[in-house]
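Participant: Predicted model and sequence follow; I will ask about them next.
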Amino acid sequence: MIALAIKLLLAYLVGSIVGSLVLGHLRGIDIRKAGSGNAGATNAFRTQGWTFALMVAAIDVGKGALAALVIARLDLFGQTPVAMSQASVGLACALAAAVGHCYPVWHGFRGGKAAGTLFGGVLALSAWLALAMLAVWLLVLASTGYVGLASVMAAVSFPIILLLTPLRADAALVLVAVAAAALLVWKHRANLARLRAGSEPRFQRARVLARLFARRKR
């Protein structure tokens, strides 16, 4: 149990390195004071452009994968709890990194929404599971234009898809997946409130691309 606690702490500290805030510091900007105020890749794209956003996404996805693949497998003293498989420990570390991304100790506990970080952790554990979640995200984004809604729907589908993939889903893994989904829904609560109020901004380019693709198929 001590070994697991150390791994979760390390994953949290790595997750607290928020890509948009680190890169923004190098540019002399605080992305939390631009656009929507969110320290994520979407706001990075809207305010700083594609190149900056891609670098942000690479860092945020990468630290989730690092937590699941490297930190979770560190050979520390103590044993992993019997009820937890290696996959569940990996996902738990990815979730700890996501919590760090949302509440980063290095940045005044004001970070992003962790969708990219959690995706990186899932991708490291199961490519099929990650692709299925990405498909849900793309389908919702293309049909509605709402990035936040797409992230919420992918998060909610996470535990369900998990049970349908080749990855062995023990009870601990499913519980961590539910916790991860709950974190993403909580962090997107403002998006959901704006959706209800009809004031949530759309990512119109995604809808345009979807329509063009549909016309070509005809």
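Facilitator: On my side now, so go ahead.
Participant: which residues touch the closest residue to Ala94 other than its chain neighbours?
Facilitator: Nearest non-adjacent residue to Ala94, counting by Cβ to Cβ, 6 or more residues apart in numbering: Gly121, 2.3 Å away. For every residue, glycine as well, the C-beta is placed using N, CA and C. When contacts are counted by Cβ atoms under 8 Å, 6 or more residues apart in numbering, Gly121 is found next to 64-65, 67-68, 90-91, 93-95, 97-98.
Participant: continuing past the helix or strand harbouring Gly121, what's the next helix or strand?
Facilitator: Of the helices and strands defined by DSSP states H and E, Gly121 is found in helix 115-125. Tracing the chain past helix 115-125, the next element assigned as helix or strand by DSSP H and E is helix 127-144.
Participant: between that next one and helix 115-125, how big is the angle?
Facilitator: Here the directions of helix 127-144 and helix 115-125 differ by 150 degrees (axes from the mean of the first three to the mean of the last three Cα atoms, to 10 degrees).
Participant: returning to that earlier point: closest to Leu13 among the contacts of Gly121?
Facilitator: When these are ranked by distance to Leu13 (Cβ to Cβ), Ala97 comes first, at 8.9 Å.
Participant: In three-state terms, label the closest one for me.
Facilitator: Secondary structure for Ala97, judged by DSSP: H, G, I helix; E, B strand; the rest coil, is helix.
Participant: mean confidence score for the strand or helix carrying Leu26?
Facilitator: Remark: Leu26 resides in helix 19-27, with elements defined by DSSP H and E. Along helix 19-27, the predicted local confidence has a mean pLDDT of 89.
Participant: Mind naming the longest helix for the protein?
Facilitator: helix 50-69 (DSSP state H).
Participant: how about low-confidence regions in this protein?
Facilitator: Within the chain, the set of residues satisfying pLDDT under 70 comprises 77-83, 166-169, 204-218.
Participant: swap the cut-off to 50 and go again
Facilitator: 208-210, 212-213 (pLDDT under 50).
Participant: distance of the residue nearest the centre of the chain from Asn191?
Facilitator: Centre of the chain computed as the mean C-alpha position; nearest residue by Cα atoms, centre = their mean is Ala115, 2.0 Å away. Taking Cβ to Cβ, to the nearest Å as the measure, Ala115 falls 11 Å from Asn191.
Participant: same thing with Val176?
Facilitator: Using Cβ to Cβ, one obtains 23 Å as the distance from Val176 to Asn191.
Participant: And His101, by the same measure?
Facilitator: The spacing between His101 and Asn191, counted by Cβ to Cβ, is 17 Å.
Participant: Looking at those two, which is more packed in?
Facilitator: Shown here are His101 and Asn191; by other Cβ atoms under 10 Å, His101 has more neighbours (32 against 22).
Participant: Let me see the contact set for the more buried one.
Facilitator: 15-16, 18, 60, 63, 111-114, 117.
Participant: ok, and what's touching the helix holding Leu26?
Facilitator: Residues outside helix 19-27 that contact it (Cβ under 8 Å, 6+ apart) are 30-32, 39-41, 43-44, 48, 52, 55-60, 104, 107, 111-112.
Participant: Now do the longest helix of the chain against helix 127-144: the angle between them, please.
Facilitator: Following the same axes, to 10 degrees, one obtains 140 degrees for the angle between helix 50-69 and helix 127-144.
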